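> 3D model of this:
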Amino acid sequence: MPKTYESTAILKAEQSTATLMNSASVLDSIAVSLGYTKRLDMDEARLNLQKEIHIHLNAKDKLLHLTAQAETPQAAQTLAQAILNQTFTKSQPRDSEKMRLQKQLEQAQTREKMAQQSADVMGKKLESITTGGSSEVAQGYAQMIRVVQESQAAQNDIERQLNGLDSSELVQEPTLPTKHKEIKRGLISFLAMQFVLFIIFLKITTSIAIKNSAENIDNIKKIENIKNTFKKSIYFWKI
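Residues are numbered from 1 along each chain as shown. I've put the predicted structure just below:
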């Protein structure tokens, strides 16, 4: 059996990144660039690639583990790096999506500016109040500060989407494996059982074929004897 090597990369990502990695927009480009389509059609090449990669996203720490399999260490590392590069490229927003995000960014910036101005006014008012009514102003001030923080968080998220993914998200570069993947004992037992069953089947079919061949030879001899007897009878009656 051919040896299998695994290269693993780890990056900070969301579920959308995991979905993108396994999509046709990423895999089809890799199938062409790595030569899969020279021997397979596009659908077969994509299915083949999907079998060679494994993607696992940890929901708690938001870390995505990408594992690529190949018959050599270099091929496994190349495949993992190709998936990352293509995912980074495809994560960049285009055309209408980019315009939509830019508009949302402008709105978030405006909302932050207005909230910050209101918070500044309330903060000064809160400092000058010496009698009752300070609690209402304090609540309003706290609310504006919260709006400012939410607007800043929204801006960070939108900017991240505009910039797309890049190598800065990587926690671990694709590894270059030194040992091949161990074959599971269950698989070895299954293959051994299949081999034994094949040998038994081959032995049975061979025995049947030999028996049938022997019976055919006996039948041919019987037919020859009948023919010879018939010829002798004809010769006797001619005499």
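> going forward, measure contacts and count neighbours with C-alpha atoms only.
Will do.
> Neighbours of residue 156, how many?
Other residues near residue 156 come to 14 when the count uses other CA atoms under 10 Å.
> Okay, and it sits in which element?
Per DSSP states H and E: residue 156 is located in helix 134-163.
> what helices or strands is that helix leaning on?
helix 95-128 (3 or more CA pairs under 8 Å, 6 or more residues apart in numbering; DSSP states H and E).
> ok, back up a step: what's the offset of the helix holding residue 156 from the middle of its chain?
On the basis of CA atoms, centre = their mean, to the nearest Å, helix 134-163 sits 37 Å off its chain's mean C-alpha point.
> Going by neighbour count, list what's buried in the next helix or strand after that helix.
Per DSSP H and E, the first helix or strand lying C-terminal to helix 134-163 is strand 170-172. Neighbour-count burial for strand 170-172, counted by 16 or more other CA atoms under 10 Å, picks out residue 170.
> what are the pairing partners of strand 170-172, and which direction each?
Applying DSSP bridges, strand 170-172 is found paired with strand 5-12 (antiparallel).
> Contacts for the helix or strand just after the strand it pairs with next, please.
The helix or strand immediately downstream of strand 5-12 is helix 15-21, counting by DSSP H and E. Residues outside helix 15-21 that contact it (CA atoms under 8 Å, 6 or more residues apart in numbering): 26, 27, 55, 56, 57, 64, 83, 84, 87, 90, 91.
> Could the C-alpha coordinates of helix 15-21 be exported in PDB?
The C-alpha atoms that make up helix 15-21 are tabulated as PDB, following Å, rounded to 0.1, in the frame of the first residue of the first chain:
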ATOM      1  CA  GLN A  15     -17.100  28.800  10.300                       C
ATOM      2  CA  SER A  16     -17.400  30.800   7.100                       C
ATOM      3  CA  THR A  17     -13.600  30.200   6.500                       C
ATOM      4  CA  ALA A  18     -14.000  26.400   7.000                       C
ATOM      5  CA  THR A  19     -16.900  26.500   4.500                       C
ATOM      6  CA  LEU A  20     -14.900  28.500   2.000                       C
ATOM      7  CA  MET A  21     -11.900  26.100   2.200                       C
END
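> Average pLDDT for that helix, rounded please.
Helix 15-21 carries an average pLDDT of 93.
> related to what we said a few turns ago, what angle separates the helix holding residue 156 from helix 95-128?
160 degrees (axes from the mean of the first three to the mean of the last three CA atoms, to 10 degrees).
> just to revisit the earlier point, buried ones among the contacts of helix 15-21?
Using 16+ other CA under 10 Å, the buried ones in these are 26, 27, 55, 57, 64, 83, 84, 87, 90, 91.
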